[in-house]
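J.: coordinates only, sequence not included:
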């Protein structure tokens, strides 16, 4: 089985984000595999263990992503591809989709897995965009996956309920929390990962021009939300507190 995982390098979710002049300051920041992509990697490895084949990780980014790629290889993936996007002007989800589509256009694929969203952007667009471009069936937010022959049986999360889907391969799915519990890389896995193949591609390798992948959106500004003001404690008798609270909600908060 030809299994692929599209993964992304993102900020550690415990990091405190700093923005300077509308640009995220990455100095000293810790980066990780996008947490939802870890579910995708784990599920891909489980599919390989059950059905055979190999797992290939595919990342769009720069050379700094190698650490996260090696972590994915240490989890059990067989090989990886890094598609460099340093020459992409104003890159966005469209750019990522075009780069990935160019890579996959001549590949034999049974299934592509990815995270439901990336914790930095949160758009959830890349997977569905790529599937549409490739003409693949796609299912988002999956929490269970079984494959028998060329048919996949899927449960997906739909806002607190579950939907059961039967769909044919080739297929692209995006993983939601609850699909599995990602494994930690073992020491032997970490050592083996250093020797696993990592291919690096650029626009020329994919027969793309810069204008082919230029972003379609423009970021006007980036800023952190304002700090919350301290709460107010009401004092006095209960009746007076209630009266004051109603007055504040009406005249200051203007919610009633």
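T.: Yes, it's here. None of these values were measured; they are calculated from a predicted model. Numbering: from 1, shown residues only.

J.: Any idea how far apart the tips of stretch 167-179 sit?
T.: Using Cα to Cα, to the nearest Å, the end-to-end distance of stretch 167-179 comes out at 18 Å.

J.: buried set for it?
T.: Counting neighbours by 16 or more other Cβ atoms under 10 Å, one finds that the buried residues in stretch 167-179 are 169-176, 179. (Glycine included, C-beta is placed from N, CA and C.)

J.: possible to save these as a markdown table with pLDDT, secondary structure and distance to residue 60?
T.: Converted to a markdown table, the buried residues of stretch 167-179 look like this (pLDDT from 0 to 100; DSSP: H, G, I helix; E, B strand; the rest coil; distance: Cβ to Cβ, whole Å):
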| residue | pLDDT | secondary structure | distance to residue 60 |
| --- | --- | --- | --- |
| 169 | 95 | coil | 24 |
| 170 | 95 | coil | 20 |
| 171 | 95 | strand | 21 |
| 172 | 97 | strand | 15 |
| 173 | 96 | strand | 19 |
| 174 | 96 | strand | 16 |
| 175 | 95 | strand | 18 |
| 176 | 93 | coil | 22 |
| 179 | 93 | coil | 23 |
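
J.: Can you show me the strands along this protein?
T.: 2-7, 9-11, 19-20, 23-24, 31-33, 54-61, 79-84, 111-115, 137-148, 151-158, 161-168, 171-175, 198-201 (DSSP state E).

J.: Just name the most buried of the ones you listed.
T.: Between these, strand 111-115 has the highest mean count of neighbours, a mean of 28, where neighbours are mean count of other Cβ atoms under 10 Å.

J.: what packs against that one?
T.: Packing contacts for strand 111-115, counted by 3 or more Cβ pairs under 8 Å, 6 or more residues apart in numbering; DSSP states H and E, involve strand 2-7, helix 35-51, helix 126-134, strand 171-175.

J.: Point out the other elements, helices or strands, that the longest one touches.
T.: Helices and strands touching helix 35-51, by 3+ Cβ pairs under 8 Å, 6+ apart, are strand 2-7, strand 54-61, helix 66-75, strand 111-115, strand 137-148, strand 171-175.

J.: Now do the first one, average pLDDT.
T.: In other words, strand 2-7. Averaged across strand 2-7, pLDDT comes to 96.

J.: Adjacent strands (with direction) for it?
T.: Sheet pairing of strand 2-7 (DSSP bridges) gives strand 54-61 (parallel), strand 111-115 (parallel).

J.: middle-most residue in this structure, spatially?
T.: Nearest to the mean C-alpha position of the chain, counting by Cα atoms, centre = their mean, stands residue 118 at 3.3 Å.

J.: Tell me the confidence at the nearest residue to residue 166 once chain neighbours are set aside?
T.: In space, and not counting its chain neighbours, residue 166 is closest to residue 153: 5.7 Å by Cβ to Cβ, 6 or more residues apart in numbering. For residue 153, the model assigns a pLDDT of 97.

J.: Cool, thanks, talk later.
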